[in-house]
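K.L.:
need coordinates for the below:
(one chain, ligands or ions: 2)
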Amino acid sequence: MDRDLIIAPSLLSADFSCLKRQLEAIEDIVDAWHIDVMDGHFVPNITLGPFIVEQISSIVSKPLDVHLMISDPLGYADAFLSAGADILTAHIEALESDEAIEGFIDKVKSAGKKVGLSLKPATGPEVLLPYIERLDMVLVMTVEPGFGGQSFMDSNVYKIVWLKDKGFDGYIAVDGGINNDTARVVKQAGANFLVAGSFVFGSNPTEAIRQLRG
Ligand code: DX5
Ligand code: ZN
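P.N.:
Numbers count the residues shown, from 1 in each chain. Ligands and ions are numbered 1, 2, ... in the order given. Purely as a prediction, here's the structure:
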């Protein structure tokens, strides 16, 4: 992950019946793989758990960027770290106290992995202030978490600018509705990590990734 702009396809839009083939086809041109973990409680959808993350980690070599959309990220962090997560991101809305947030950050960092916090569209970036210096990534959601294929909400772009203004020098990641056009908008604002699901896997992945790099 030594590029200035990280492209992380979201496996949520891949075809799991031939996942290995789909990932191998583009592994050389991506920087990381984004894996969406949903529990049917924090978000109204269920996807996959540590067992599948471990299987994915055995078929790819690029870092795994695991996005936890679950109600108890602190309780499950160890399981996803053991399964092979290289970046582990929790929603700040799911961590109900300052101790829980610090605890999540401590756990991921003491495993030697990168830690991120994510913001739902309705959450303002100020909540990150006490933790910002310890974070490797902030994941700005530009759709309501839960499903791929939704439209980009440009009302979240100010959060990218806010992070730049605060001097945040980790990954400013954007997730939801990223395509050729919206990628330009978020890169312009300062994002350096793009997650894209339906845009990458919906047509020609190689061409889509080329377009995202711009
Ligand atoms: C949504 C997930 C996203 C999703 C993005 O809750 O966090 O990672 O896969 O999909 P697209 O790129 O189709 O909006
Ligand atoms: Zn995601």
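
K.L.:
and the helices in this protein, which stretches?
P.N.:
Taking DSSP state H as the test, the helices found in the chain are 19-26, 50-59, 73-83, 98-110, 157-165, 180-189, 198-201, 205-213.

K.L.:
and the shortest one, does that touch ligand 1?
P.N.:
When you say that, I think you mean helix 198-201. Yes. Taking CB under 6 Å from any ligand atom as the criterion, helix 198-201 and ligand 1 are in contact, through 198-199. In this view, the C-beta of every residue, glycine as well, is placed from N, C-alpha and C.

K.L.:
circling back to that earlier point, winner for burial among the helices of the chain?
P.N.:
Neighbour counts (mean count of other CB atoms under 10 Å) averaged over each of the helices of the chain peak at helix 198-201, with a mean of 24.

K.L.:
who are the packing partners of that one?
P.N.:
Using 3 or more CB pairs under 8 Å, 6 or more residues apart in numbering; DSSP states H and E as the contact test, the elements touching helix 198-201 are helix 205-213.

K.L.:
any idea how far Gly116 is from the residue lying closest to Pro63 once chain neighbours are set aside?
P.N.:
Take Pro63 and drop its neighbours on the chain: the residue closest to it by CB to CB, 6 or more residues apart in numbering is Asp86, 3.7 Å away. With distances taken as CB to CB, to the nearest Å, Asp86 is found 11 Å from Gly116.

K.L.:
now do Thr89
P.N.:
Remark: distance between Thr89 and Gly116 (CB to CB) = 3 Å.

K.L.:
so which bits of the chain are right by ligand 2?
P.N.:
With CB under 5 Å from the ion as the criterion, the chain comes near ligand 2 at residues 36, 67, 175.

K.L.:
top of those by neighbour count?
P.N.:
His67 (29 neighbours; other CB atoms under 10 Å).

K.L.:
how about the contacts made by that one?
P.N.:
The contact partners of His67, by CB atoms under 8 Å, 6 or more residues apart in numbering, come to 34-37, 89, 118, 139, 175, 195.

K.L.:
turn the helices of the chain into CSV, including distance to Tyr171.
P.N.:
Supplementary listing: the helices of the chain in CSV, determined by distance: least, CB to CB, whole Å:
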stretch, distance to Tyr171
helix 19-26, 20
helix 50-59, 19
helix 73-83, 18
helix 98-110, 14
helix 157-165, 10
helix 180-189, 12
helix 198-201, 18
helix 205-213, 15
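
K.L.:
reformat those helices as CSV; add mean pLDDT.
P.N.:
Compiled in CSV, the helices of the chain are given as follows (pLDDT from 0 to 100):
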stretch, mean pLDDT
helix 19-26, 97
helix 50-59, 98
helix 73-83, 98
helix 98-110, 98
helix 157-165, 98
helix 180-189, 98
helix 198-201, 98
helix 205-213, 98
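
K.L.:
out of those helices, nearest to Ser13?
P.N.:
Smallest distance to Ser13 across the helices of the chain (CB to CB): 4.1 Å, for helix 198-201.

K.L.:
with just CA atoms, put the closest one into PDB.
P.N.:
In PDB, the C-alpha atoms belonging to helix 198-201 read as follows (Å, rounded to 0.1, in the frame of the first residue of the first chain):
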ATOM      1  CA  SER A 198     -20.600  -2.000  -7.900                       C
ATOM      2  CA  PHE A 199     -18.500   0.300 -10.100                       C
ATOM      3  CA  VAL A 200     -15.600  -2.200 -10.100                       C
ATOM      4  CA  PHE A 201     -17.500  -5.500 -10.300                       C
END
